[in-house]
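Enquirer: My questions concern the predicted model and sequence given below.
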Amino acid sequence: MEQPIVKVEHLFHRYSVHWAVKDINLEISKNGIYGLLGSNGAGKSTTMNIMCGVLKQTEGDVFIRGIDTRKHPVEAKRLIGFLPQKAPLHVDLTVEEYLKHCANMRDIPGKQVGEAIDRVLEQCNITHFRNRLIRNLSGGYQQRVGIAQAIIHNPDFVVLDEPTNGLDPNQIAEVRNLIKKIAEDRTVILSTHILPEVQAVCDHIFMIENGQLIFSGTVRDFDNYIIPNTIFVSLRENPGEAELKELEGVLDVSYLGGIHYRLKYNDAVDVIDRVVEASVRKGWHLTEIRQEKSSLDSIFAELSKKSK
Ligand SMILES: Nc1ncnc2c1ncn2[C@@H]1O[C@H](COP(=O)(O)OP(=O)(O)OP(=O)(O)O)[C@@H](O)[C@H]1O
């Protein structure tokens with residue numbers, strides 16, 4: 001049987017007397033984008049640094065394609081690309097000089113270095129900046145260089161610690177697209193404390209709080225798991241509560257006055273489709289429909305309660 005791409009078993013980490021990671025277990029067997037979601041200080045960077053072999057865990061094991069990162073760090077690291085929270089850039093080098101340095105550090109044979117650099121420049125869309133000093137690039141382009149160094153050795157598994165932190169909205173969109181592109185043929189795990197980021201980019205969410213894994217599932221599972229599960233609907237031809245209650249998947253309806261309703265559901269995507277479809281069929285004239293999401297803080301609180 002094929003080995004999982006990543007397996008983390010009973011991972012614990014202690015800084016002095018403070019336990020930052022407490023018994024994290026997770027497994028990734030399929031390519032895709034995995035989000036490690038958690039508030040500041042939850043233990044995301046600690047977990048990622050251990051996965052990448054730059055921090056030695058207090059207890060537990062990490063396997064990359066079956067290779068134990070503690071027993072065989074060199075072999076495991078060949079399979080891993082890492083962009084730490086603070087990109088390890090040498091800003092006085094040009095992009096090409098820096099990537100050459102990274103290729104050498106990664107032990108890429110001399111004859112293949114040029115080809116590897118051309119490939120990542122192209123993948124990260126920075127070929128036109130190859131001779132530019134890194135210090136003269138914008139934050140978004142510096143981040144692309146950081147991602148380029150993480151994939152220079154064509155790793156199976158790429159770890160990105162808060163890759164969009166500090167970028168402006170345009171740069172965030174560009175870096176997210178780049179992440180989706182590089183995840184087409186490999187596994188990417190990224191950390192963030194921004195819920196919409198995982199919802200926009202990730203296939204699967206691992207949520208950690210207080211050093212513990214409190215949720216693991218798809219973005220859809222997550223949307224259905226968080227409480228309250230409600231949508232706000234405005235229908236110009238007021239159908240009344242009873243008609244709305246009859247829609248499949250609707251658990252409860254509250255009339256909010258005017259043309260506004262709040263629907264409780266068990267599956268957001270399906271219920272939205274059904275309301276839109278019924279509105280067209282019955283001429284309700286839908287003017288607004290939106291999911292009412294809890295704040296991240298209340299989700300953390302809710303999930304922490306559930307995991308106890
Ligand atoms: N080198 C260190 N020495 C002591 N404590 C540390 C160290 N690094 C992190 N910690 C503590 O461990 C806990 C987890 O930190 P970590 O950086 O892993 O969290 P995080 O989820 O990545 O947060 P952030 O998003 O703020 O980086 C925090 O309480 C933090 O203060």
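Expert: Arrived safely, thanks for sending.
Enquirer: List the buried residues of stretch 273-284.
Expert: 274-275, 278-279, 284 (16 or more other CB atoms under 10 Å). Heads up, the C-betas are built off the backbone N, CA and C, glycines and all.
Enquirer: how about the closest residue to the ligand within the stretch 51-200 of the chain, what does it touch?
Expert: Evaluated by CB to the nearest ligand atom, the stretch 51-200 of the chain has residue 193 as its residue closest to the ligand, separated by 5.4 Å. By CB atoms under 8 Å, 6 or more residues apart in numbering, residue 193 lies in contact with 37-40, 42, 44, 162, 296.
Enquirer: Okay, buried residues for stretch 246-254 please.
Expert: Those would be 247, 249-250, 253, for stretch 246-254 by 16+ other CB under 10 Å.
Enquirer: nearest to residue 21, of these?
Expert: Set against residue 21, the nearest of the buried residues of stretch 246-254 by CB to CB is residue 249 (38.4 Å).
Enquirer: Give me the phi and psi angles of residue 174.
Expert: phi -70, psi -40 (degrees, to the nearest 10).
Enquirer: what sits against it?
Expert: Residues in contact with residue 174 (CB under 8 Å, 6+ apart) are 140, 144.
Enquirer: any idea how far it is from residue 218?
Expert: Counting by CB to CB, to the nearest Å, the separation of residue 174 from residue 218 is 25 Å.
Enquirer: Residue 36 too?
Expert: 15 Å.
Enquirer: what residues does the chain put near the ligand?
Expert: 15, 18, 20, 38, 40-46, 193 (CB under 6 Å from any ligand atom).
Enquirer: So which of those residues belong to helices?
Expert: 44-46 (DSSP state H).
Enquirer: Is it possible to get TSV of these that adds neighbour count and pLDDT?
Expert: Output for those, formatted as TSV (neighbours: other CB atoms under 10 Å; pLDDT from 0 to 100):
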residue	neighbour count	pLDDT
44	26	95
45	18	95
46	21	96
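Enquirer: quick one: which of those residues is nearest to residue 11?
Expert: Nearest member of those to residue 11, counting by CB to CB, is residue 46, at 9.3 Å.
Enquirer: ok, now which ones touch that closest one?
Expert: 13, 15, 20-21, 55, 211.
Enquirer: the domain parsing of the protein - what is it?
Expert: According to automatic domain parsing, the chain comprises the domains 6-220, 227-292.
Enquirer: which one of the ones you listed is the most hemmed in?
Expert: Counting by mean count of other CB atoms under 10 Å, domain 6-220 has the highest mean neighbour count of these, with a mean of 18.
Enquirer: Bridged to the closest residue to residue 37 other than its chain neighbours, which residues?
Expert: The shortest distance from residue 37 to any residue other than its chain neighbours is 4.7 Å, reached at residue 207 (CB to CB, 6 or more residues apart in numbering). Beta-bridge pairing of residue 207 under DSSP bridges involves residue 37, residue 215.
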